[in-house]
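[1] Everything below, folded, please.
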Amino acid sequence: MKKALALFLLSFLLVSCVAEPTLSPALPSPLPSTATPTPNGATSSLADYFVPPYYQPSYLDVIEASKKEKELVIYSVMSEENWQPILQTFASHYPWIKVRTVLTGTSEVFSRYLAEAQESSPTADLLISSDVGGWYNIVSQGEILTYRSQEALLLPGWSTKYIGLYVVSSDPTVLIYNKKLVGNPPNTLRELGELIGKNPRDYQGQVITYDVATNASGLALNWFWLKQYKEDGWRSLTAIGQSNPILTADRFEMVDAVGSGRVKLGYFVTGITVFSNLKKYPDMGYAYIQDGQPLFLRYMAITQKSQSPNSAKLLVDFILSQEGQMAVSLGGLTPYRADVAPLAAYHLDKIEQIVGSENLVFLEIDPELTDPTLITPFIERWTFSVQQER
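    You can find the predicted model right below:
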């Protein structure tokens, strides 16, 4: 309870001290507090649940309906560490909601839900994943609830393109290096290729990255980066390919290899894994990628087969709120609401200040990623560029 109270107080300070959000449009004017009689004759209002004053009065109906639902089940790619501050603060608002999170792979989030839904078995109420190809398929099949969050007007347009699909966090991938082994670390993939080109022998087997052919995250990262930088990007990857990089599907292996000194450098490494291991590996440094900074968008949506849709709505709105985005930051993810930037350790605005808005690469939903006639030749060219025998 002490931690929950601390988070609530932190939220209060945010509301009191942080400048008004720069997002457009501005906050709606506060609505009159609503009150609804309870069975014992008392009244309850939105203020009782610390709901922002700009929410519609009818939101109280959602809160009351959630009290009749059973547990809220979530399939996600978020660890217990990521969830802890979010759910602890959420429970201070809605203590009757029992939340059960199930950690899955990025694609398994969807395959597990669809299999259970087809069999009419109990399944997830809320899905969270960064697999943009999987999201395109599930949205196309009409498997998400088209819920309009009361926070949507305060969020950037790129995060609300599909009704009912919202972004939890905007997590970067970074360059990492071993400080003892790399004296002049690169800040761009072009610089990484040039570093390798000066002495390829020194970097043979000394660079590690995702395997595009076997990993959905690696495919998406390279797909969007190359889609933005085209032939210049291919030239950089071909230069990096002189090192015959180690390819993996395991993000923890990348961090351990560089942090322990077995490998000198890594690129397109998920920041969430890097930031949480900086103390464990003091010799590991990192840099945002200034010639194209990929950002994993961790999307969430309520399922059509949800058995606790009202509880799911409350959690979605909380995560998108100012208070929720601060909790997202405390869990090690990268929030994007402008009004939490001053207090968040990592934030999209801070990344943008370093790399420039023109160099942000959003991993958004793209139907082309599900087209084998496009993906197959892309993987073949990538493999030739990065893995070619020399």
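[2] per-residue confidence at the residue nearest to V263 when sequence neighbours are not counted?
    Leaving aside its sequence neighbours, V263 sits nearest to A257 (C-beta to C-beta, 6 or more residues apart in numbering; 4.0 Å). C-beta here means a position set from N, CA and C on the backbone, and glycine is covered the same way. With respect to pLDDT, A257 scores 98.
[3] My read is that A257 contacts D250, right?
    No. Between A257 and D250 there is no contact under C-beta atoms under 8 Å: 9.7 Å.
[4] Have a look at these two and say which one is more surrounded.
    Remark: of A257 and D250, A257 carries more neighbours, 23 against 14, as counted by other C-beta atoms under 10 Å.
[5] any idea how far that one is from I208?
    5 Å (C-beta to C-beta, to the nearest Å).
[6] Pull up the overlap in contacts between those two.
    Taking C-beta atoms under 8 Å, 6 or more residues apart in numbering as the criterion, A257 and I208 both touch I246, V263, G266.
[7] which secondary structure element contains the second one?
    Read it as V263. Here V263, judged by DSSP states H and E, is contained in no helix and no strand.
[8] which residues touch P309?
    Contacts of P309 by C-beta under 8 Å, 6+ apart are E69, D125, L145, Y147, I302.
[9] Would you check that the fourth one makes contact with N310?
    I take that to be Y147. No. The criterion here is C-beta under 8 Å, and Y147 misses it with N310 at 10.2 Å.
[10] Could you find the closest non-adjacent residue to T270?
    R251 is the one closest to T270 (C-beta to C-beta, 6+ apart), at 4.9 Å.
[11] ditto for E352
    L360 (6.2 Å).
[12] thinking again about what came up before, and the residue nearest to T270, how many residues sit next to it?
    20.
[13] Let me see the contact set for it.
    Per C-beta under 8 Å, 6+ apart, neighbours of R251: Y210, S217, V269, T270, T273.
[14] out of those residues, which is most surrounded?
    In the contacts of R251, the most neighbours by other C-beta under 10 Å go to Y210, 27 neighbours.
[15] Work out for me the element the closest residue to that residue other than its chain neighbours sits within.
    Of all residues not flanking Y210 in the chain, G218 sits nearest, at 2.7 Å (C-beta to C-beta, 6+ apart). Assigned by DSSP H and E, G218 belongs to helix 216-240.
[16] Same question for that helix: list its buried residues.
    216-226, 228-229, 233, 236-237, 239-240 (16 or more other C-beta atoms under 10 Å).
[17] Distance from the chain centre to it, please.
    Centre-to-centre, helix 216-240 and its host chain are 20 Å apart (C-alpha atoms, centre = their mean, to the nearest Å).
[18] Likewise for stretch 276-296?
    The answer for stretch 276-296 is 16 Å, by C-alpha atoms, centre = their mean.
[19] can you pull the contacts of the closest residue to S260 other than its chain neighbours?
    Nearest residue to S260, sequence neighbours excluded (C-beta to C-beta, 6+ apart): Y281, at 7.0 Å. Neighbour list for Y281: V255, D256, V258, G259, S260 [criterion: C-beta under 8 Å, 6+ apart].
[20] got a markdown table for those residues, with distance to G105, neighbour count and secondary structure too?
    Below are those laid out as a markdown table (distance: C-beta to C-beta, whole Å; neighbours: other C-beta atoms under 10 Å; DSSP: H, G, I helix; E, B strand; the rest coil):
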| residue | distance to G105 | neighbour count | secondary structure |
| --- | --- | --- | --- |
| V255 | 18 | 24 | helix |
| D256 | 19 | 18 | helix |
| V258 | 23 | 30 | helix |
| G259 | 23 | 21 | helix |
| S260 | 25 | 13 | helix |
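[21] Adding distance to I354, write these out as TSV.
    What follows is the contacts of Y281, written out as TSV (distance: C-beta to C-beta, whole Å):
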residue	distance to I354
V255	21
D256	26
V258	20
G259	22
S260	27
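[22] about what we covered before: from Q242, how far out is the residue nearest to V263?
    19 Å.
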